[in-house]
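Trainee: here is the input, now give the coordinates:
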Amino acid sequence: MRWNWVGIVVMALACAGPERGVRAAEATLTIQVEDVEGRPVRDARLRVLRTDDPEETPVQSGTTDRQGLARMHPAAGRYVVRVDAKDFVSLLRADVRVAPAASAHLGLRLRHAVRIEGRVRDAAGKPVADARWLLIPSDGTAPRLETRSDAQGRFHFEGVLPGPAVLRGFKPGRSPVRMELTLPRPELTVTMGGLGSLRIQTRDPQGRPLPGKPQVLPPDGEEFVLSIDSRFGESQDPLIHPGLPAGRYRVKASYSPVPDCKWTRTVSVDVLPDQQTQVTVGFEDVAPMPAWRGRAVDRGGRGLGGVKLSSELGPRGFEVEGLHAYCQSVTDPEGNFVLAAPLPGPVSLYLEGGGPRSWGLVEPREAWSDAPWVFQSHGGTLRGRVLDSQGRPVERFRVSDWPFESAEGRYVMDTFYEQTYQWIIDAEGFATAILRAQGRAHEDAFAPDVILDAGRPLQGRVVAADGRTGVPQQRVVMLDDSEHYLRPPPASARSVTTDARGYFRFEHVPARRQFLLVEGKERGTALRRLEPAEDTVELRLAPAAELSGVVTVHASVPLAGMEVDVYCEGGAKESTQTDARGRYALRAPAERECFAHVSERSSLDTLMNPPRPVVFSPQRIQLAAGSRARLDFEARRGPASLHLHSPAYSEILKLLLLPWDVPMPETTQALDALELASIDEDPGITEANAEVLAPAMVSFSAPDRIYSEMPLGHYTLFLLAERNGGSHVLRVPVDLTRTGMHPLELSDPMKGGATVFPR
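Mentor: Next up, the predicted model:
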């Protein structure tokens, strides 16, 4: 399949001649270091670091002379430069680009710094040695500083930026310290207390102690729960949790007035150093209502019998303070139910079972009442049968990887949206069949009977590139037309293995177009379309092609540590990284449509004030078997940028941006082809908690997506929401014919107007 109209840059690939990569010739980098008044700073220490790993050993080091000058001679590349000087704030300049054999000049201005001294004592006035201290300036461009206290409890920081900052101290076995400061200031005197303890009491509505173990969530919000020491068992005595660092904790306790109801309450408490803090989690203010009777019915007034009914009141989740109640009951055949100990107030009811996964109220209520409670299913169902050609039920089969076993050949599939659903029906001894049926969101629907037949046999052979030699022990996979393009073969895909002479045989081939796939890494690969009338086939393995090139900015500055990914028809993917000279090499599948993508995977986002990443557009390739081809990448440089704001669920919204006016695809396969060719968005923002000593990096699925450095022109954006067996797609024309930033608010494909592509 060819997508020339997509408009991605196509590069003619031929056998490579002499290497045209960026030369490794040294350049001259002259660095001028001055203070904010423009005076030279002598004896400043300079380090040139690799962009792809700025924590490693410097590429070059040096110091400035009396004029504040230093000359470095790094190889061409992209670097981070760090400068440290006495009485100045350290400076890190990222994204310093050096071209081969060029003379570049870099001017750096340092801000004057102050020295901060302090000492730390315990509550008795004794020095606290070996405590770790972290100073975090509020100015995000200044580095945070670390030190330790000595045997006398003294510590100091050099190179501190004047202004507001946060001081944090840590030591095992002691409570942490946090102070907000304005610098400079006289010597700090800090008290670092010991650990505290928590005495917990729990009370039922009558004020009596409750059995059980309350739970404690640490103040830093870590995803684990500390339980009270098991030696307290089920005792009704107050429970004590010793050895807690000072801070605000959340304590959760539960009470079950009857077996089918559970109330929980979460409260916050401040634990103080060297003290025992008492907290009571009680239910004295809760007055339960008497047992309540009701009836659950559907929209037609029919009783919903034999399903589990759950009632909830209040906020859910350990992090949320307050009262939460949960009760369960099972409806009788007429839909009647009894909740033994409900609570007054706004209530949430839902059902589980009886076909769809769950049911919710059509109209939520603010309080209990005697009127029937009307529910609708959160999802509908499609029900159907699978029969053989004689009309007999097929008892064991799979519906798109979901196994079913039914003496009557029946199946039930959930449907959460009103759309056409498409599933592959697979049963042993039969050819696969495609089921397409219309499903509805809140209703049970019935699909036409699926009639399976035995299909036809297919005889084939896998041969080497010479077209004669059979290749043994090769796995041949048969895929449906809708499965082959983008994703790797599913685990359930039908496959056979070639014999000693390379022959293979499929017994039950359907009378519709299929694809045959062989992924023999050493001998080569094959991807061939199989037409409905074919009963013999030969698959010739195409040896992988060797693809290499260089990744640069301005066609001169090599970029190290860039990720190079090649995605191909048939679900194949090959990846590598560029070396220090921006070079890469990989083996790519041959005789298939592929797209090569380059993205930045460096450590720049761990730095203060990281630069915007360099970005690239994908390139389409189709390589000859066993060939050697060259493909160079130059960072994209356009005057426009596209800023997209998507709904809150953006982590499950896929965006495909393509140049020019691209029509809505007609098939799922064509949609998959667009995904291979789509332009990559800028790498996501990565943030760290600056007040943690060893910050854990957290990638945020922010609702904002950015495409920067875009050439002027017209583009097409496709919004994909993958839901319940289908891709819901909106097409949005994008006009980037003016320079600058172009904001665009995205719509929700699930709220109407989307084209649905069955999966």
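
Trainee: I'd say residue 281 and residue 253 touch.
Mentor: Yes: if you go by CB atoms under 8 Å, residue 281 and residue 253 touch, sitting 3.9 Å apart. From N, CA and C alone the C-beta is placed, and that goes for glycine too.

Trainee: more neighbours: which of the two?
Mentor: Ranked by neighbour count (other CB atoms under 10 Å), residue 281 and residue 253 place residue 253 first, with 24 against 20.

Trainee: where does pLDDT dip in the stretch 151-300 of the chain?
Mentor: Counting by pLDDT under 70, the stretch 151-300 of the chain has low-confidence residues at 220-238.

Trainee: circling back: mutual contacts of residue 281 and residue 253, please.
Mentor: 200, 202, 214, 265 (CB atoms under 8 Å, 6 or more residues apart in numbering).

Trainee: can you give me the helices for the stretch 351-500 of the chain?
Mentor: Counting by DSSP state H, counting those that start in this stretch, one finds no helices in the stretch 351-500 of the chain.

Trainee: pLDDT weak spots in it?
Mentor: Scanning the stretch 351-500 of the chain for pLDDT under 70 picks out the ranges 353-359, 361-370, 486.

Trainee: tell me where it has strands.
Mentor: 358-361, 373-377, 380-388, 396-399, 402-405, 410-415, 419-426, 433-439, 444-446, 450-452, 456-463, 475-480, 494-497 (DSSP state E, counting those that start in this stretch).

Trainee: give me the beta-bridge partners of residue 412?
Mentor: For residue 412, the beta-bridge partners under DSSP bridges are residue 383.

Trainee: verify the stated contact: it with residue 381.
Mentor: Yes: contact criterion CB under 8 Å: residue 412 and residue 381 qualify, at 5.2 Å.

Trainee: neighbour count winner among the two?
Mentor: The neighbour comparison of residue 412 against residue 381 (other CB under 10 Å) goes to residue 381, with 21 against 16.

Trainee: quick one, strands of the stretch 551-700 of the chain?
Mentor: 557-558, 562-568, 572-577, 583-588, 594-600, 619-621, 628-630, 633-634, 640-645, 653-659, 686-687, 698-699.

Trainee: and the ones you listed, which is most packed in?
Mentor: strand 557-558 (a mean of 26; mean count of other CB atoms under 10 Å).

Trainee: I'd like the average pLDDT over that one.
Mentor: Taken as a whole, strand 557-558 has a mean pLDDT of 94.

Trainee: contacts for that strand?
Mentor: Taking CB under 8 Å, 6+ apart as the rule, strand 557-558 contacts 21-22, 76-78, 97-99, 550-552, 578, 580-583.

Trainee: closest to residue 513 out of those residues?
Mentor: Nearest to residue 513 among the contacts of strand 557-558, counting by CB to CB, is residue 551 at 38.6 Å.

Trainee: how many residues are close by that closest one?
Mentor: For residue 551, using other CB under 10 Å, the count is 29.

Trainee: ditto for residue 533
Mentor: Residue 533 has 7 nearby residues by other CB under 10 Å.

Trainee: give the helix, strand or coil label for it.
Mentor: In three-state terms, and counting by DSSP: H, G, I helix; E, B strand; the rest coil, residue 533 is coil.

Trainee: just the local confidence number for it, please.
Mentor: 91.

Trainee: how about it, phi and psi?
Mentor: phi -90, psi -10 (degrees, to the nearest 10).

Trainee: which element is residue 277 on?
Mentor: strand 276-282 (DSSP states H and E).

Trainee: after that strand, which helix or strand is next?
Mentor: Next along the chain from strand 276-282, counting by DSSP H and E, comes strand 292-297.

Trainee: pairing partners for the very next helix or strand once past that next one, with directions?
Mentor: Using DSSP H and E, the helix or strand that follows strand 292-297 in sequence is strand 308-313. Here strand 308-313 is paired, per DSSP bridges, with strand 322-330 (antiparallel), strand 348-352 (antiparallel).

Trainee: mind listing what's buried in the last one?
Mentor: Put plainly, it is strand 348-352. With burial defined by 16 or more other CB atoms under 10 Å, the residues of strand 348-352 counted as buried are 349, 351.

Trainee: just the CA trace of that strand, in CSV.
Mentor: Output of strand 348-352 as CSV, limited to C-alpha atoms (Å, rounded to 0.1, in the frame of the first residue of the first chain):
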residue,chain,number,x,y,z
SER,A,348,-25.3,6.7,45.1
LEU,A,349,-26.8,3.3,44.0
TYR,A,350,-25.5,1.0,41.3
LEU,A,351,-26.1,-2.6,40.3
GLU,A,352,-23.7,-5.3,39.2
